[in-house]
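Novice: how would this look folded up:
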Amino acid sequence: MITIEHLKKCFGSYVVFENVSLSIDQGSIFGLVGINGAGKSTLLRCISGVYAPEEGKILLDDEIVYDNSKVKESIMFVPDEPFASVYTKGTDLESTYSSYYPSFDHGLFNELLNDFQIDKNKRINTFSKGMKRRLYLALAFAVKPKILLLDEAFDGLDPAVRLKVKKILIKAVEEDKMTTIISSHALRELEDICDSYAILDNKHIISSGMLGENVNACFKVQMAFQEIKNKNDFAYLNPISCEIEGRVVTLVIRGKREDYQALLEKNNPLFIDDLELNFEDFFISNVEDK
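Specialist: Model (predicted):
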């Protein structure tokens with residue numbers, strides 16, 4: 001289990017986030033989401049032990065992560081844009097990673113490279129972003145980490161490769177109980193694979209928990225009226241979000257749909273349509289609400 005307790009991280013006088021507390025169960029696929037600049041990448045670097053927090057602590061199975069080389073052997077972090085010199089080849093990375101991680105599986109690495117259509121003997125500076133992403137994902141899975149941290153995991157990958165990566169992740173979770181934390185802007189991708197989540201916004205965790213349970217605890221409706229409405233007309237519903245375009249109003253409300261029928265009809269709508277609420281809607285609604 002990963003335990004984050006009252007974490008605060010600053011760069012000089014700038015506070016990236018503070019009082020962040022989370023518990024992530026072993027074998028989870030955890031989605032970390034937030035707008036650009038919210039601090040997702042910084043939080044992943046703290047979890048990996050790259051950054052030391054100003055306050056709080058991060059523990060893996062009750063052991064402090066930072067400055068603990070033994071614990072770090074079980075953590076693999078793939079940043080959004082990994083650094084490599086112009087002369088670096090896949091074979092160089094294979095040698096480097098296998099020296100740091102005793103669990104490195106060369107057979108699996110070569111198998112994944114073949115599946116991802118990557119030549120490890122070529123210089124990485126000749127690769128596209130998607131090719132680099134596939135190479136580093138192959139390295140990450142070959143490490144067989146206990147904790148896998150992926151920053152923008154699906155960025156640059158075509159649909160077929162994204163599906164392959166998801167299958168590999170699910171297999172590692174089922175067979176090895178690997179815990180994965182994924183930071184991504186592709187919220188629909190996360191919805192397909194993650195069982196739990198946290199939303200980082202305005203320096204704090206504003207929502208977290210089991211993804212399905214929390215999304216299903218809300219509902220989304222669209223209504224049309226004869227006259228123009230304003231947001232105050234729906235304040236009594238305490239909506240998470242309220243969007244008005246002309247005479248059409250779209251609401252996201254926390255609660256059970258069946259409990260709100262009479263309240264929704266209070267303003268005499270011409271019709272009420274129930275809409276599907278996905279993780280992207282849920283994220284946007286929470287951020288707007290805060």
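Novice: name the helices or strands packed onto the longest helix along the chain?
Specialist: Longest helix in the chain by number of residues, with DSSP state H as the criterion: helix 159-176. With contacts defined as 3 or more CB pairs under 8 Å, 6 or more residues apart in numbering; DSSP states H and E, the packing partners of helix 159-176 are strand 29-33, helix 106-116, helix 129-143, strand 179-183, helix 187-193. For glycine as for every other residue, the C-beta is placed from the backbone atoms N, C-alpha and C.
Novice: reformat the ones you listed as CSV; add mean pLDDT.
Specialist: Below are the helices and strands packed on helix 159-176 laid out as CSV (pLDDT from 0 to 100):
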stretch, mean pLDDT
strand 29-33, 93
helix 106-116, 94
helix 129-143, 93
strand 179-183, 94
helix 187-193, 82
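Novice: and the gap between residue 91 and residue 253?
Specialist: Here the distance between residue 91 and residue 253 works out to 56 Å (CB to CB, to the nearest Å).
Novice: residue 161 too?
Specialist: From residue 161 to residue 253 the distance is 38 Å (CB to CB).
Novice: those two: which has the busier surroundings?
Specialist: residue 253 (23 against 18; other CB atoms under 10 Å).
Novice: could you list the low-pLDDT ranges of this protein?
Specialist: 288-290 (pLDDT under 70).
Novice: what ranges do the helices span in it?
Specialist: With DSSP H, the ranges of helices along the chain come out as 40-48, 69-72, 90-100, 106-116, 129-143, 159-176, 187-193, 211-216, 261-264, 279-289.
Novice: could you dump the ones you listed into JSON lines with distance to residue 237 added?
Specialist: Output for these, formatted as JSON lines (distance: least, CB to CB, whole Å):
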{"stretch": "helix 40-48", "distance to residue 237": "31"}
{"stretch": "helix 69-72", "distance to residue 237": "48"}
{"stretch": "helix 90-100", "distance to residue 237": "53"}
{"stretch": "helix 106-116", "distance to residue 237": "49"}
{"stretch": "helix 129-143", "distance to residue 237": "43"}
{"stretch": "helix 159-176", "distance to residue 237": "37"}
{"stretch": "helix 187-193", "distance to residue 237": "25"}
{"stretch": "helix 211-216", "distance to residue 237": "18"}
{"stretch": "helix 261-264", "distance to residue 237": "6"}
{"stretch": "helix 279-289", "distance to residue 237": "13"}
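Novice: wait, what's in contact with residue 246?
Specialist: Applying CB atoms under 8 Å, 6 or more residues apart in numbering to residue 246 gives the contacts residue 228.
Novice: make that residue 275, sorry
Specialist: With contacts defined as CB under 8 Å, 6+ apart, residue 275 is in contact with 220, 221, 222, 250.
Novice: could you tell me which of the residues you listed belong to strands?
Specialist: 220, 221, 222, 250 (DSSP state E).
Novice: near the second one, how many other residues are there?
Specialist: When neighbours are counted by other CB under 10 Å, residue 221 registers 20.
Novice: check the gap between it and residue 234 for me.
Specialist: According to CB to CB, residue 221 and residue 234 sit 11 Å apart.
Novice: same thing with residue 241?
Specialist: The separation that residue 241 has from residue 234, given CB to CB, amounts to 10 Å.
Novice: between those two, what contacts are shared?
Specialist: What both residue 241 and residue 234 touch, as defined by CB under 8 Å, 6+ apart, is the set residue 251.
Novice: how's the protein carved up into domains?
Specialist: 2-210, 217-289 (automatic domain parsing).
Novice: quick check: which of those domains is buried the most?
Specialist: Comparing those on average neighbours per residue, with mean count of other CB atoms under 10 Å, the densest one is domain 2-210 at a mean of 17.
Novice: run through the residues that contact residue 25.
Specialist: Here residue 25 is in contact with 1, 179, 196 (CB under 8 Å, 6+ apart).
Novice: go again with 6 Å.
Specialist: Listed by CB atoms under 6 Å, 6 or more residues apart in numbering, the contact set of residue 25 reads residue 1.
Novice: again, but for residue 273
Specialist: Residues residue 222 are the ones in contact with residue 273 under the rule CB under 6 Å, 6+ apart.
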